[in-house]
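S.K.: Curious how this folds, go ahead:
(chains A and B)
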Amino acid sequence: MADILSRWRAGLSKTSKATFGQIAALLGATEIKPDTWDDLEALLIQADLGLETTASVLDELKRLTRTEGLTRANELTAALRADLRKRLDSPPPLNLRDRPSVILVVGVNGSGKTTTIAKLAARLQAERKSILLGAADTFRAAAVDQLQVWGDRLKVEVISGAPESDPGAVAFNAVQAGVARGVDVIMIDTAGRLHTRFNLMEELKKVNRVVGKALPGSPHEVWLVLDATTGQNALQQARAFKDAVNVTGVILSKLDSSARGGMAFAIQKELGLPILFAGLGEKPEDLQPFDPDAFVEGILSSS
Amino acid sequence: MFENLTGRLNQIFDQLRRRGKLSEADVDAAMREVHLALLEADVHFSVVKSFIARVRERAVGVEVSKALNPGQQVIKIVNDELIGTLGEPAPLNMTGPKPRVIMMVGLQGSGKTTGAGKLARLLRSKGERVMMVAGDPYRPAAVQQLQQLGERLDVPVEADMSLKPPELAKRAFEKAEKGGFGVMIMDTAGRSQLDAELMDELKAIAAKVNPVETLLVIDSMIGQEALNIAQGFRGNVSITGLMLTKMDGDSRGGAAISIRSVTGVPIKFIGTGEKLDALETYDPARLSSRILGMGDMIGLIEKAEAAFDAQSAQSLQKNADRMMKGQFSLEDWLEQMKQMKKMGPLSQIMDMLPGQMGQAARQVDPKEVERSFKSSEAIIHSMTLKERRNPDILNASRRRRIAAGSGVEVQDVNRLIKQFREAQKMMKMIQKTGGKGLGRLFG
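M.R.: Numbers count the residues shown, from 1 in each chain, chains lettered A, B, ... in the order given. Below you'll find the predicted structure:
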């Protein structure tokens, strides 16, 4: 646990070292003034929490100042931390009991699906699980090669098809191969697609259906990889993917960038989707189970 | 969800009578909405503040013009200010000795490599000899990605995984110089602006090849961090332009205004799709109405304009005249369907629609619509000229003949005629209300 926390700190410290203690400066030992609320609003908006979540957090804190008689700004820090934390669930334990368990990984272009899959594979390998990967991004140039390089490095079999071939067929073959080899987990990489592209979302639905045909009851998990630098559009993305392929969890990638990933709050609240993992760096071990406490600290240390 | 600023402002001003000047109270009420609209669009918090202050100052006391209602008047001021801040589209700097180096920089996954390919295609189509350089040895298969794009475009790609990117850049530059290339596009690895080591690498590349253009590639879906990221890159290399990617989604692209207003770096390109020809020069008016949540109506109009040649413009005018006189026939309808098809894939057009119309359009399968277009066309083609001009004569036996001729069922013919009657009715309504009823569609 200590190790995990320190990794979170290392990942987040890159982002906050310049501004660390900003919230302390903001909410010093002075009295709560009208400015304090403006400053807090600025802090939350700039962490991409969005208008609704920000307004709801501020309302709650204002209510607390009345009912609990908070008068000093630094008392607000504790209240703010507690309120933000309350809005996030701890990630549920992974349920990969089925053998094989099929995980479909989806997301918009450039969100970090392939890299995340590689990190997940390394993580599951460390838990002594056997893995097979399906390279169903047959569209983007060299996407298959990208997954193949990771497969070679991790010594994991990668099932792929010809460029421009049907991604559903690749997914089908991958699941069949995984079943035949008796692996524990099959992960299917899909092409990045904007959630507004009707045809591409239909294609994704088809991949999802085909996987279910290859192995009834699968995919067991559908994970959406979401770039932590995304702003208000994140909610629309998550909603569209959830509607299309029944996403079961979100992975927040690139949280080691300077962005705070505040849209996670709205996604959790509006869509009830748990945040499962966070990407905190380039190395395989930099993918960590989502830690709501560390995440909230990251928000509070922002500028 | 904040969908349409025009609608919201109209609501506010609905309670007010039209009057001479915008009062402070009017403007304050409107500015609250504008404030929300800009934050919804991911414009940076501080930028929204200063922008609102500027607009407020301009708007108070402004005479409401006869042609506009107060809401529209405010929108106009906001829009003008936004367009002014976004600035004119800047062309690529193609001056100085050849080869001219264009360096692509940005965060991971922003779209640098695809952007490099699109740019190579564009410049080549303008007659430039282009070389691309694969400067990302870190991400697995990034080099292959650029190589495959190069093959598709028939553009040579310099790559060598054993060299550090600055060394590779230097070698490629010498090669481009000897080979008489006009442009060298340098792809680089994605990096965070906080990564000092990789920022030093960018500086080293720039020092070796002295780019005339360093384009910061920014994902249009990015949130509040856009400004810090741009500032971070700018603190290390001299950014000469922005390429805003993934604009074919439904993000509002507020990052453009944040970066532009604080750094002054001009926006040069917009990426609008996964294919290599989906690169556009940016238009401030279009981007402004998008940031304000008013859809891309100008883009839609442009597409329509591009599809209409002079001849069809004439026939369209005739069409419109006939429509206004209530003489709109099936022949005209056929003509319209043809024009609409020329505007490009329906899915793209639907994405440009604002507000409720856009939301409604996204529920529809464009393929289905295109199929129904096709069958409608076939049905009308199977009619005689007389029938097209006067659908009233279409009795049962004529309908059976048409169905057989176009390979559909009689019900399909009936449906088409019913749809046509409805369209006719709508035309008559527009004629009566002078188009005012249409406004509601855009609300």
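S.K.: And for the residue in the stretch 51-200 of chain A positioned nearest to chain B, the neighbour number?
M.R.: Per Cβ to the nearest Cβ, the residue of the stretch 51-200 of chain A with the smallest distance to chain B is A:Gly110, at 2.9 Å. All C-beta atoms are positioned from the backbone trio N, CA, C, and that covers glycine. Neighbouring residues of A:Gly110 were enumerated by other Cβ atoms under 10 Å in any protein chain shown; the total is 26.
S.K.: Once you drop chain neighbours, what's closest to it?
M.R.: Of all residues not flanking A:Gly110 in the chain, B:Gly109 sits nearest, at 2.9 Å (Cβ to Cβ, 6 or more residues apart in numbering or on different chains).
S.K.: shouldn't that neighbour be in contact with A:Gly112?
M.R.: Yes. Under the criterion of Cβ atoms under 8 Å, B:Gly109 lies in contact with A:Gly112, with a separation of 5.9 Å.
S.K.: of these two, who's got more company?
M.R.: Neighbour count, other Cβ under 10 Å: between B:Gly109 and A:Gly112, B:Gly109 has more, with 26 against 23.
S.K.: so how far is A:Ala259 from that one?
M.R.: Between B:Gly109 and A:Ala259 the distance is 12 Å, computed by Cβ to Cβ, to the nearest Å.
S.K.: again with A:Ser301
M.R.: Counting by Cβ to Cβ, the gap between A:Ser301 and A:Ala259 amounts to 13 Å.
S.K.: Strands of chain A, start to end?
M.R.: A:101-106, A:131-136, A:157-160, A:185-190, A:221-227, A:249-253, A:275-279, A:287-289 (DSSP state E).
S.K.: contacting residues around the last one?
M.R.: It refers to strand A:287-289. Outside of strand A:287-289, the residues within contact range by Cβ atoms under 8 Å, 6 or more residues apart in numbering or on different chains are A:4, A:7-8, A:91, A:116, A:119-120, A:122-123, A:251, A:276-280.
S.K.: Same check on the fifth one?
M.R.: Strand A:221-227 is contacted from outside by A:95-96, A:101-108, A:110-113, A:116, A:208, A:234, A:237-238, A:241-242, A:245-254, A:263, A:267, A:273, A:276, B:109, B:219, B:221, using Cβ under 8 Å, 6+ apart.
S.K.: Kindly report the same for the first one.
M.R.: If you take Cβ under 8 Å, 6+ apart as the criterion, strand A:101-106 is touched by A:96, A:113, A:116-117, A:120, A:171, A:175, A:178, A:184-190, A:193, A:204, A:207-208, A:211, A:215, A:218-225, A:241, A:245, A:247.
S.K.: What's the nearest residue in the stretch 51-200 of chain B when you look at chain A?
M.R.: Evaluated by Cβ to the nearest Cβ, the stretch 51-200 of chain B has B:Gly109 as its residue closest to chain A, separated by 2.9 Å.
S.K.: Check the gap between that residue and A:Thr190 for me.
M.R.: When Cβ to Cβ is the yardstick, B:Gly109 and A:Thr190 sit 15 Å from each other.
S.K.: Next: A:Leu76.
M.R.: When distance is defined by Cβ to Cβ, A:Leu76 is 44 Å away from A:Thr190.
S.K.: Now do the closest residue to chain A within the stretch 201-350 of chain B: how many residues are near it, please.
M.R.: Across the stretch 201-350 of chain B, the shortest distance to chain A (Cβ to the nearest Cβ) belongs to B:Gly223, at 2.7 Å. Here the number of neighbours of B:Gly223 (other Cβ under 10 Å) works out to 30.
S.K.: now do A:Leu224
M.R.: A:Leu224 is flanked by 29 other residues according to other Cβ under 10 Å.
S.K.: what bridges to it?
M.R.: In this structure, A:Leu224 bridges to A:Val106, A:Val250 when assessed by DSSP bridges.
S.K.: What's the end-to-end length of stretch A:249-269?
M.R.: Looking at stretch A:249-269, the gap from its leading to its trailing residue is 13 Å under the measure Cα to Cα, to the nearest Å.
S.K.: Please give the centre-to-centre distance between it and its chain.
M.R.: Relative to the mean C-alpha coordinate of its chain, stretch A:249-269 is positioned 6 Å out (Cα atoms, centre = their mean, to the nearest Å).
S.K.: Likewise for stretch A:106-119?
M.R.: In terms of Cα atoms, centre = their mean, the centre of stretch A:106-119 is set 10 Å apart from its chain centre.
S.K.: Most distant residue from the centre of chain B?
M.R.: For chain B, the C-alpha farthest from the mean C-alpha position belongs to B:Ser397; by Cα atoms, centre = their mean, that distance is 48.3 Å.
S.K.: Next one: it from chain A, what distance?
M.R.: Distance of B:Ser397 to chain A, computed by Cβ to the nearest Cβ, to the nearest Å: 40 Å.
S.K.: so where is the stretch 301-443 of chain B shaky, pLDDT-wise?
M.R.: Across the stretch 301-443 of chain B, the stretches falling below the confidence threshold (pLDDT under 70) are B:301-327, B:342-364, B:426-443.
S.K.: the helices in it, which residues?
M.R.: Listed in chain order, the helices of the stretch 301-443 of chain B (DSSP state H, counting those that start in this stretch) span residues B:310-324, B:330-342, B:346-352, B:355-362, B:366-381, B:385-389, B:396-406, B:410-433.
S.K.: Including mean pLDDT, could the strands of chain A go into TSV?
M.R.: What follows is the strands of chain A, written out as TSV (pLDDT from 0 to 100):
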stretch	mean pLDDT
strand A:101-106	98
strand A:131-136	98
strand A:157-160	97
strand A:185-190	98
strand A:221-227	98
strand A:249-253	97
strand A:275-279	96
strand A:287-289	95
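S.K.: Nearest approach to B:Glu81 belongs to which of the ones you listed?
M.R.: Of all the strands of chain A, the one in closest proximity to B:Glu81, counting by Cβ to Cβ, is strand A:221-227 (30.5 Å).
S.K.: Quick one: work out the angle between the closest one and strand A:101-106.
M.R.: Compare the direction of strand A:221-227 with that of strand A:101-106 by axes from the mean of the first three to the mean of the last three Cα atoms, to 10 degrees and you get 30 degrees.
S.K.: Show me what counts as buried in strand A:221-227.
M.R.: In terms of neighbour count (16 or more other Cβ atoms under 10 Å in any protein chain shown), strand A:221-227 has its buried residues at A:Glu221, A:Val222, A:Trp223, A:Leu224, A:Val225, A:Leu226, A:Asp227.
S.K.: And for the last one, nearest residue in space, chain neighbours not counted?
M.R.: Same thing as A:Asp227. Sequence neighbours aside, A:Ser111 is the residue nearest to A:Asp227 in space, at 4.6 Å (criterion: Cβ to Cβ, 6+ apart).
S.K.: Which pLDDT does the model give the residue of the stretch 201-350 of chain B closest to chain A?
M.R.: The predicted local distance difference test score for B:Gly223 is 97.
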